[in-house]
Structure formats: structure tokens, C-alpha cells
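A.B. asks: Generate coordinates for the sequence data below:
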Amino acid sequence: MDERGIKKVKACNLAVCQMVVSDDKAANLKKAEKMIREAVREENADLVVLPEIFNGPYDVAVMQDSAEDEDGPTCRMLSTLAKELGIIIIGGSIAEKSGDNLYNTSFTFNEEGIRLGRHRKLHLYDVDIPGGISFQESAVVMPGNEITVFDTSVGRLGIAICYDIRFPELIRLMVLQGAEIIIIPAAFNTITGPDHWHETIKIRAVDNQVYMVAASPARNHASTYHAFGHSKIVDPWGTVMAEIDEKEGIISAKLDPERLKKVRMELPLLKHRREDLYNLG
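C.D. replies: Numbering: from 1, shown residues only. Now for the predicted structure:
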């Protein structure tokens, strides 16, 4: 680890699969597998990210009916594929059943197919925007209670889910715990997305001097919930490295720890924090 707290890790090719999600779980899993394989074949990806609730519609009633535990078909597929392809897979998120509770959970598997991380969404999306959208995730989903940061072969990753990104204290705490790349599987909608999506992702990258990766489902007009799409990868300077519109597709970019070092050396925001006046850690 160097003087800026950055581990000596290799650059990696990261890909985001922005997929259309239907109400057919088996079809969604087949599509996810197909797009992951394509990302490895066409983009030489070392790390592949899927969207929030990628194996079924983002609908509280459907999530309750389609929930599965860590030993279910979705995690088995992700683990097997990660090992076969020798890559890291961040499995967007799924409705996870744990005992009597339901969580919106992201599972990460390493190159050996071993689970590295599990993030349960901390902040639940409960909103009522007149003339816009009414959604109450907490009607069926329980909030997680752990900040998720862990080591991988390509660096120290932080995982948060969708609404979590709106809480800057969380992202800063993840960085203080050493996160170099922060992954956000997120299904922003067409009401809030146009005004908040691009700006929020960029400012979190700039303020925290990390790579920010936001993975959305593609927009499905047949669904009751219309995802904004526009998955994107932003570097620690705020430069957009890759992005897509609302349609299905794959984006990729090379993430280099040397870029992190350069940005933090030239503009040492984290070093200049006034911990005598404010301190989150």
C-alpha cells in the first residue's frame, strides 16, 4: 500500500451489462449469462457488473414472490460462471430471502466462484411524487445494516445499491474504508433519473476521488417500473469513460489504479479534510 492508501493492484477491464429485465426469471438468467459471456469475449472484461434486480421486475409484489436465498439458482449461476470464465462478477442485486426477511441484495463472486461480498441495500426507496411515482420498497424489503467494502484482485471495492448513492456520508465512509472503485447497481426511474442520475454519479466520483460505476437495467416499456437506463463509468476526476442510453447493451472501460494516484496527488481532497472540525470515520 502506498502513502495515499492505495493498494498495489492491476488495472482491470470493467464491463456493465445493461439488460432488459422481463417477468420471466429463467429468461433473465439466460440473458445475463449471455451478456456476461459477451463482455468477456468482446470487451476482455475482468470484472462484470449487472443491474439492480436483474432476475425479475423491480416491483415489490413480484420481488416478494420471486425471492430466493444464497443457494438459489441466481447465485449458483453467478458463482459457476465466475469460476468458468475466471472473472469477478458483481451480480447487480436480487430479492434475497433470509429467514422471514426479504432484502435487496448484491452478491459478488471472485475468479474461483467464491462469494467475496454481500451488500443488502441500506436505504429503501419510499417515495410519493405527485404526478410522478409512488413506490414503497419498505412494504416488503428490510434494510441492511452493514457498509460493504472488500478486497479483490483488481482493488478494494465498495458496493451500494441505487437509493444508497443519494447519501454522501455512506460513500465517504466507504472511501475511508479504502474503497477505490464503487459499484452502484441502480434502477433510477424516468421521473428522477433525468434530473439527478448523471450529476449524482459524477459528484460522488469527484468528491471522493474514486471510480464510480452505475449499472442500470435497460428501459422496458412493458414493465410497471420504467428504469432510466444510462449506465455509466466515471473516473476519479469526474471524466465519463463510458455510457449508454436507455437501450440494452454493454459498456466497458479500463480502470487503472495509477489514475487514482495521480488525481489524489494533484488535488489532495481527502488529505485536506478538517478532521478537527468534522469526522465521519
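A.B. asks: and the longest strand anywhere in the chain, C-alpha only, in CSV?
C.D. replies: Longest strand of the chain, by residue count under DSSP state E: strand 101-109. Provided in CSV are the C-alpha atoms of strand 101-109 (Å, rounded to 0.1, in the frame of the first residue of the first chain):
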residue,chain,number,x,y,z
ASN,A,101,-37.0,-11.4,5.9
LEU,A,102,-36.6,-10.1,2.4
TYR,A,103,-33.6,-7.9,1.3
ASN,A,104,-32.5,-6.2,-1.9
THR,A,105,-29.1,-7.8,-2.1
SER,A,106,-26.0,-7.7,-4.3
PHE,A,107,-23.7,-10.7,-4.3
THR,A,108,-20.1,-10.6,-5.6
PHE,A,109,-18.2,-13.7,-6.7
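A.B. asks: quick one: strands adjacent to it?
C.D. replies: The strands beside strand 101-109 in its sheet (DSSP bridges) come out as strand 88-90 (antiparallel), strand 94-98 (antiparallel), strand 115-120 (antiparallel).
A.B. asks: To Asn145, which of the ones you listed lies closest?
C.D. replies: For the strands paired with strand 101-109, the distance to Asn145 is smallest for strand 115-120, at 7.6 Å, taking CB to CB. In this view, the C-beta of every residue, glycine as well, is placed from N, C-alpha and C.
A.B. asks: helix or strand right after that closest one?
C.D. replies: Using DSSP states H and E, the helix or strand that follows strand 115-120 towards the C-terminus is strand 126-128.
A.B. asks: Point out where the stretch 151-281 of the chain drops to low pLDDT.
C.D. replies: Applying pLDDT under 70 to the stretch 151-281 of the chain flags the ranges 281.
A.B. asks: what about the strands in the stretch 151-281 of the chain?
C.D. replies: Under the criterion DSSP state E, counting those that start in this stretch, strands of the stretch 151-281 of the chain are mapped to 155-159, 181-185, 211-215, 232-234, 240-243, 249-255.
A.B. asks: Throw those into JSON lines and include mean neighbour count and distance to Val62, thanks.
C.D. replies: Putting the strands of the stretch 151-281 of the chain into JSON lines (neighbours: other CB atoms under 10 Å; distance: least, CB to CB, whole Å) gives the following:
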{"stretch": "strand 155-159", "mean neighbour count": "26", "distance to Val62": "23"}
{"stretch": "strand 181-185", "mean neighbour count": "27", "distance to Val62": "17"}
{"stretch": "strand 211-215", "mean neighbour count": "27", "distance to Val62": "20"}
{"stretch": "strand 232-234", "mean neighbour count": "25", "distance to Val62": "27"}
{"stretch": "strand 240-243", "mean neighbour count": "17", "distance to Val62": "28"}
{"stretch": "strand 249-255", "mean neighbour count": "20", "distance to Val62": "24"}
